[in-house]
Each structure stands twice: as structure tokens, then as C-alpha cells.
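Asker: Generate coordinates for the sequence data below:
(chains A and B)
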Amino acid sequence: MASRPIQYRMISRASVALVALSALLRCSATLAEEITLAVASNFSAPMTEIVTAFESTSEHRVRVAFGSSGKLLAQIQHGAPFEAFFSADQDKVSYLISAGSADPASRITYARGRLILWTANSTLAGGERQALESGAFRHLAIANPRLAPYGAAAMEVLHALKLEDETRAKRVVGENIAQTYQYVASGNAQLGFIALSQVFLNGNLTAGSGWIVPDTLHQPIRQDAVILQRDREQGRRTATDAFWAFFQGQQAQRIIERYGYRVGTPTQTPVEKVDAG
Amino acid sequence: MLGESDLTAIWLTLKLAGTVTLLLLILGTPLAYWLANTQSRWKGPVSAVVTLPLVLPPTVLGFYLLIFMGPAGPMGKLTESLGLGTLPFTFAGLVFASLLYSMPFVVQPIQNAIEAQGRRHAEVAATLRAGPWDRFWHITLPLAKPGIVTATVLGFAHTVGEFGVILMIGGNIPGETRVVSVQIYDHVEALEYARAHWLSAAMLVFSFTVLLALYTLQRRHAALRWRYGP
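Answerer: Below you'll find the predicted structure:
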């Protein structure tokens, strides 16, 4: 009983401290916001580097949720708390815009993907294309053309090389480009069409060997990004805009290129296509 | 409604689940019998291995199987030296993976049923000069019947519902490795929600019916036991 007044005093002191602490937190929150981006898995390596670069120049913090574009899209439709969406294609961004879930003015083509016919098997090194054409392999891995833009592009390449029918029985399909890589890296498929960005850094292949497919053999793999329409506090909107500006700046663009993507607006595509061919 | 590729996937799924359940009953029953009766120090490790697929994420199992069955893995080397090629991307590969994946759902109910019998029945039979083989077929197995029924239903249903492992090692080949769960996943990812709905609804109705049948059966059996004693 005698200890009661002391308890009261302790509680009141603690509550004063709590109020002060929460005021402090709220104060710092207005300075540095945390935003969350939804990013297609194939872009994870450059995005991680870009975020690090951004955070070193800004007080804002960026969290990134990687996943397949289709899954991220479904999550966005069901209210996932993302500020922006970096898709592996253009369709899903168009879909969100037409559904009124994204800001059309913010839309950018942030990267154009390149395909590589890749192998982890050293005996095939340097002769990937010949192996593909002569059928000297057991399995050819591609990403699901119905779901993954890199898979659709791979099918276009096979069509252009008139190998669609020959390879039919040998094709195995990964649900996304990461799994397709896994099939080839584990040696279960001797050849596979994967994203160049998965095995490329600073002008060199980081593993295995491959034939970088000329852009002329398939439609450009354009990857679009868009800012999502959400009820957001002003602070987070400012942080998103800051990241958006940084992302389109030179430093970020150079990072994207280092990972084997092409950058630039879609209108420049035909010029580069001739160069590549 | 269901398209032709959906029906192919359904047929493949039933074929896979049927094959796996049959093999699991053949392999799992002796294993369950051994686990229920043994005093061996291997009982713990073996039980743990059998139960692992229950707690491991299917992606872990699928990832290791892909490497284990691949050309650089021990199993892949074995199957290649036997002239069978490698198992990923084949129906046989799915059967092998599903055996591991659904093993606990078959072994555990049978093991529990055998353990619940106690030793008395078998010992009484032994005094009447019934040999071990005789006791197994005429005492242990008939008494374990409810456990075996549960094991069959769960093993089948669980294989039908398998997704992660098959996605990892299947390669999504129509008629060979593209089962219903993968087909549904494809539909959802391709934003074809109507087709996904039909297949998903079929799956839901199927699973519910199977489980309902199982529990109704178990209840009836429990009632019988109550009347006639164990």
C-alpha cells in the first residue's frame, strides 16, 4: 500500500517519456519517409544498387519487394502498400493505368531487356548457337512465354531461326526467368534463353557462356514502370518523386546499363535496333 | 469452362496421385510397421527424415531435388549410368519427388494405427502359433485399416494439391509434368481469372468431398468401435 504513490509517480514519468519519444519519432518521420517499391525479379540486382546509391544521397529510405510481375500486379490490385511498380513488361503497367490504379503521366520505359542463349556446360562454350541449331542438347529451357516477356521473346527467336518445331519436344518451361536460369545453372537443361542481366556485369559474363541474341530476332523487351495512385501522405509522395527523379538520372541509368540492359526512351529503339543488327 | 489443356492437366494429376499413393502404400506400410515396433537407435533419424517434408518449404525440397536429380547430382549420375537420362522434367521425376513429399501423410497414420493396437493381439496370436508373417497379414493390417484408409486418402489428396516441388522440377510440360495446381498458377499469372476460377473451384470441391468422405468414414468407424470394443 505504501508503495502506491511511488508507482504512480513512476508511471507518470514513463508516460511523459513515451509522449516525448513518440513526438520525436513523428518529427523525424516528416523529414525522412520510407517508401516501398514493387519490382520485377529480373531487375533485382540493378535496383538494389540504385536504392543504395539513392539512400546515400537522400534521407529517405526505400524498401523493395521483388517478385514476378504477375504476382506483384495481383497484390497491387488488392491494395498492397507499394508506391511504384517496376514491371518486366508493358502490358501490366497499361492494365493498371486503364484500371485507374496508376498515374499515366509517370509512366517510363526504364529498361529494355536483352536475351542470351546461355549454358553452364563448358563443352558447349562458344558453340551455343550451333548446338541449338544442330539439336546437340537434351533440354532447352525457356521462361513461360504466356507469363514472362523473356519467354515470349525466346519463342520469337526460335521462330525467326525456324527452330520452333525442332525444339518443341526438348523445351522445358520455367515459371519465370529466375527458375529458367536455375534449370540451366543446375545442368538439367544444357541450353536456355535467359535475361542477359542475370549473368552480366560490367561488360562480362559472370558465369557460364552464351550467345547474346541480336535485338533484331525479337520484339524489344520493354520494361515499364509507373507510380501508383494511392491515398498517401504528402511526405511519402515527395519521397517517391525524389526517387523517381534519381532513378531517371545519369547515375542510375549507368547502373542499369552495367547489368546488360539497354536504356533510353522507346522512340530511340529503331535506331539502336539497326546498330545491334 | 474447362478447356482441353485443363482436362489434360486433371488427368495427369489423377494419374500422378494414383501412382504415388499406390507406391507409398507398398513402401510406407512396412516402414510404418518397422517404426511402430522397432527399438533401434535409427528410429529417431528415420522418423525425422520421413517427417521433414511436412516442415520444409516445398521450394527447399524442389531446389535440392533439382540438384540431386540433375546431371551433377548423385541420383542424376546413377540414372544416367543406367541409361535412363535425368529425372527432372519427366513424369517419373514427379513420381519420385511426390513419394518424398507425401511420405509423412501415408506413413504417420499407419504408424499411429499400428502403435495404437498395442502388442497384445499379436502376442496372443503368437501363443496360438501364428508366425510373424501371419500376424502381420491377419492381425496388424486388418486392425490398422482405419489408419490405412486415412493414409490413402491423405496421400492421394496431398499429391493432388502438390505445387511448389512440381513447379521447381517439372518444367511445365503439357501431359507430362503440368499438373492442375501448376495450370491454375499459369492461369492466374496470365490474368485469365475465369479459367483459374473453374479449375480452382473443381479443386476445392474435390478436396472438400475427399475430406468429408474421410471424416464421415472415420466417425462411422469410431461408432463401430464404441459398440464392439477395440
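Asker: going forward, measure contacts and count neighbours with C-alpha atoms only.
Answerer: Will do.
Asker: count of residues packed around A:R168?
Answerer: 12 (other C-alpha atoms under 10 Å in any protein chain shown).
Asker: ok now do A:Q77, which residues does it touch?
Answerer: A:S101 (C-alpha atoms under 8 Å, 6 or more residues apart in numbering or on different chains).
Asker: brain fart, B:E4
Answerer: B:E4 touches nothing, counting by C-alpha under 8 Å, 6+ apart.
Asker: what about 10 Å?
Answerer: B:I10 (C-alpha atoms under 10 Å, 6 or more residues apart in numbering or on different chains).
Asker: Also the one 4 residues further on?
Answerer: Applying C-alpha under 10 Å, 6+ apart, we find B:T8 in contact with B:174-176, B:178-180, B:183.
Asker: rerun at 6 Å
Answerer: Contact analysis of B:T8 by C-alpha atoms under 6 Å, 6 or more residues apart in numbering or on different chains lists B:G175.
Asker: and the next element down the chain from the one helix or strand it maps to?
Answerer: Under the criterion of DSSP states H and E, B:T8 resides in helix B:4-37. Toward the C-terminus, helix B:4-37 is succeeded by helix B:43-55 as the next helix or strand (DSSP H and E).
Asker: Pull the distance from the helix holding B:T8 to the chain's centre.
Answerer: 5 Å (C-alpha atoms, centre = their mean, to the nearest Å).
Asker: now it: mean pLDDT?
Answerer: For helix B:4-37, the mean per-residue pLDDT is 95.
Asker: pLDDT weak spots in chain B?
Answerer: Of all residues in chain B, those with pLDDT under 70 make up the ranges B:222-230.
Asker: for the residue of it found nearest chain A, phi and psi?
Answerer: Residue of chain B nearest chain A, by C-alpha to the nearest C-alpha: B:G171 (4.6 Å). Backbone torsions for B:G171, taken as degrees, to the nearest 10, come to phi 80, psi 10.
Asker: I'd like to know how many residues surround B:P45.
Answerer: B:P45, neighbours per other C-alpha under 10 Å, totals 10.
Asker: Do a quick rundown of the helices in the chain.
Answerer: All of this refers to chain A. Per DSSP state H, chain A carries helices over the ranges A:4-31, A:44-57, A:69-77, A:91-98, A:128-134, A:149-160, A:177-185, A:234-247, A:250-258, A:269-276.
Asker: try again with chain B
Answerer: Under DSSP H, chain B gives helices at B:4-37, B:43-55, B:58-69, B:74-81, B:91-117, B:120-127, B:132-135, B:141-143, B:145-160, B:164-170, B:180-189, B:193-228.
Asker: tell me the most buried of these?
Answerer: helix B:164-170 (a mean of 25; mean count of other C-alpha atoms under 10 Å in any protein chain shown).
Asker: okay, now A:A160: neighbour count?
Answerer: Going by other C-alpha under 10 Å, the residues that sit close to A:A160 add up to 13.
Asker: same check, this time on the one 5 residues further on
Answerer: For A:D165, the number of neighbouring residues by other C-alpha under 10 Å comes to 10.
Asker: ok, back up a step: now for the helices of chain B, which one comes closest to A:R112?
Answerer: helix B:180-189 (21.6 Å; C-alpha to C-alpha).
Asker: Can you give me the pLDDT of A:Q268?
Answerer: 41.
Asker: coming back round to it: dump the helices of chain B to a markdown table, plus distance to A:R168.
Answerer: A markdown table is the format used below for those (distance: least, C-alpha to C-alpha, whole Å):
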| stretch | distance to A:R168 |
| --- | --- |
| helix B:4-37 | 17 |
| helix B:43-55 | 34 |
| helix B:58-69 | 22 |
| helix B:74-81 | 23 |
| helix B:91-117 | 17 |
| helix B:120-127 | 58 |
| helix B:132-135 | 51 |
| helix B:141-143 | 48 |
| helix B:145-160 | 27 |
| helix B:164-170 | 16 |
| helix B:180-189 | 19 |
| helix B:193-228 | 25 |
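Asker: Let me know which of those helices is the nearest to A:P145.
Answerer: helix B:180-189 (10.6 Å).
Asker: relative orientation of that closest one and helix B:4-37 in degrees?
Answerer: If you take axes from the mean of the first three to the mean of the last three C-alpha atoms, to 10 degrees, helix B:180-189 sits at 130 degrees to helix B:4-37.
Asker: and chain B, which of its residues are near chain A?
Answerer: Chain B has residues B:70, B:171-172, B:189-190 near chain A, with proximity defined as C-alpha under 6 Å from any C-alpha of the partner chain.
Asker: neighbours of residue 130, just the number please.
Answerer: Using chain A. Neighbours of A:Q130 under the rule other C-alpha under 10 Å: 12.
Asker: um, chain B though
Answerer: Counted with other C-alpha under 10 Å, B:A130 comes out at 16.
Asker: Ok, A:G187 next?
Answerer: 20.
Asker: And the pLDDT at it?
Answerer: At A:G187, pLDDT is 93.
Asker: any idea how far the nearest residue to B:Q218 once chain neighbours are set aside is from B:T216?
Answerer: Closest residue to B:Q218 apart from its sequence neighbours, by C-alpha to C-alpha, 6 or more residues apart in numbering or on different chains: B:P146 at 7.1 Å. Distance, B:P146 to B:T216, by C-alpha to C-alpha, to the nearest Å: 12 Å.
Asker: which residues does A:R61 contact?
Answerer: A:E34.
Asker: who's it bridged to?
Answerer: Under DSSP bridges, the beta-bridge partners of A:R61 are A:E34.
Asker: Quick check: A:A143 touching A:R171?
Answerer: No - the pair A:A143 / A:R171 is not scored as a contact, 9.9 Å apart, by C-alpha atoms under 6 Å.
Asker: ok, these two, which is more surrounded?
Answerer: A:A143 (31 against 22).
Asker: Need the pLDDT of the more buried one.
Answerer: Looking at A:A143, the pLDDT reads 94.
Asker: about what we covered before: between the residues of chain B next to chain A, identify the one with the most neighbours.
Answerer: B:G171 (28 neighbours).
Asker: Next up, the contacts around the residue in the stretch 1-150 of chain A that chain B sits nearest to.
Answerer: Residue nearest to chain B within the stretch 1-150 of chain A: A:G70 (5.1 Å; C-alpha to the nearest C-alpha). With contact set as C-alpha under 6 Å, 6+ apart, A:G70 has these partners: B:E189.
Asker: For A:A32, which non-adjacent residue is spatially closest?
Answerer: Per C-alpha to C-alpha, 6+ apart, closest to A:A32 is A:H60, 4.6 Å.
Asker: I should have written B:V50 there, sorry.
Answerer: B:P104 (5.6 Å).
Asker: So the one you found sits against B:P53, correct?
Answerer: No - B:P104 is not in contact with B:P53 according to C-alpha under 6 Å; the separation is 7.3 Å.
Asker: Quick check: bridge partners of A:I108?
Answerer: A:A225.
Asker: Show me which residues of chain A are close to chain B?
Answerer: A:70, A:147, A:172-174, A:188.
Asker: export these to JSON lines and tack on distance to A:S134?
Answerer: Output for those, formatted as JSON lines (distance: C-alpha to C-alpha, whole Å):
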{"residue": "A:G70", "distance to A:S134": "35"}
{"residue": "A:L147", "distance to A:S134": "28"}
{"residue": "A:V172", "distance to A:S134": "18"}
{"residue": "A:V173", "distance to A:S134": "20"}
{"residue": "A:G174", "distance to A:S134": "23"}
{"residue": "A:N188", "distance to A:S134": "19"}
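Asker: Strands - which of the residues you listed land there?
Answerer: Counting by DSSP state E, the residues of chain A next to chain B place A:172-174 in strands.
Asker: burial count for A:G79?
Answerer: Per other C-alpha under 10 Å, the neighbour tally for A:G79 reads 10.
Asker: how close does A:E34 get to A:A242?
Answerer: From A:E34 over to A:A242 (counting by C-alpha to C-alpha), the distance is 12 Å.
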